[in-house]
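Predicted model, plus sequence, below.
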Amino acid sequence: MSEQIKARAVGFNHVALEVGDIDAALKFYRGFVDFELRGKSDSMAFIDLGDQFLALQKGRHQPQGDGGHFGLVVSDKEAVRAALEVMGVETLPGRFLDFLDPWGNRIEIVGYDNVQFTKAAHVLRGMGLEGLQKTESAIKELTDKGMAPE
């Protein structure tokens with residue numbers, strides 16, 4: 001029997017979160033990050049992340065606090081921490097900057113400078129973020145995989 005040819009996982013196009021109210025969700029997320037809307041309807045909103053997006057969909061069907069989460073990469077992690085404090089959002093215990101949104105979605109805030117995840121230079125430029133830099137440890141991780149930015 002021959003081995004099946006498989007596609008290679010490349011990345012994420014989007015992450016979808018269930019929320020109770022689209023306008024309330026947009027207001028909540030604007031409290032700690034700046035973003036452009038890709039599109040919006042009564043039941044959906046799409047937050048532009050350059051070549052990716054975050055989809056917010058109205059209606060909560062999943063149980064809250066099931067342990068799942070997603071990491072949202074931001075240009076300034078400490079600015080998010082400060083904004084969450086001003087908003088009165090309690091961060092979760094642990095070494096990461098995690099919190100629950102009002103609908104129970106667990107979000108981990110990750111600084112762009114300290115992760116392997118890298119946007120192409122032309123995507124960063126299109127987002128107005130061409131000055132973002134990586135830490136030495138993030139560059140080493142990328143270099144070790146043959147993926148360091150040039």
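That came through, no problem.

residues of stretch 123-132 that come out buried?
Neighbour counts over stretch 123-132 (16 or more other CB atoms under 10 Å) mark 124, 127 as buried. Yep, even glycine has a C-beta here, placed from its N, CA and C like the rest.

end to end, how far does that stretch reach?
End-to-end distance for stretch 123-132, by CA to CA, to the nearest Å: 12 Å.

So for it, mean pLDDT?
When pLDDT is averaged along stretch 123-132, the result is 91.

next one: it to chain centre, how far?
Offset of stretch 123-132 from its chain centre (CA atoms, centre = their mean, to the nearest Å): 16 Å.

just stretch 134-143 next, same as before
On the basis of CA atoms, centre = their mean, the separation between the geometric centre of stretch 134-143 and that of its chain is 20 Å.

do the same with stretch 34-44
A distance of 15 Å separates the centroid of the chain from that of stretch 34-44, by CA atoms, centre = their mean.

what's it in contact with?
Residues from elsewhere that reach stretch 34-44 (CB atoms under 8 Å, 6 or more residues apart in numbering): 22, 26, 29, 45-49, 53, 55-59.

Looking at the residues you listed, spot the one nearest residue 141.
Residue 141 has its nearest neighbour among the contacts of stretch 34-44 in residue 49, at 21.5 Å by CB to CB.

what about the closest one, distance to residue 115?
Going from residue 49 to residue 115 by CB to CB, to the nearest Å gives 14 Å.

Ok, residue 28 next?
Relative to residue 115, and taking CB to CB, residue 28 is found at 24 Å.

What is the burial count for the residue lying closest to residue 12 once chain neighbours are set aside?
In space, residue 12 comes closest to residue 52 once its chain neighbours are excluded; the distance is 6.0 Å by CB to CB, 6 or more residues apart in numbering. Residues contacting residue 52 under the criterion other CB atoms under 10 Å number 16.

I figured residue 117 was touching residue 74, is that so?
No: between residue 117 and residue 74 there is no contact under CB atoms under 8 Å: 11.2 Å.

what residues do these two have in common as contacts?
Common neighbours of residue 117 and residue 74 (CB under 8 Å, 6+ apart) are residue 110.

Name the residues that touch stretch 17-24?
Among residues not part of stretch 17-24, those counted as contacts by CB under 8 Å, 6+ apart are 25, 40-45, 54-62, 70, 101-103, 105.
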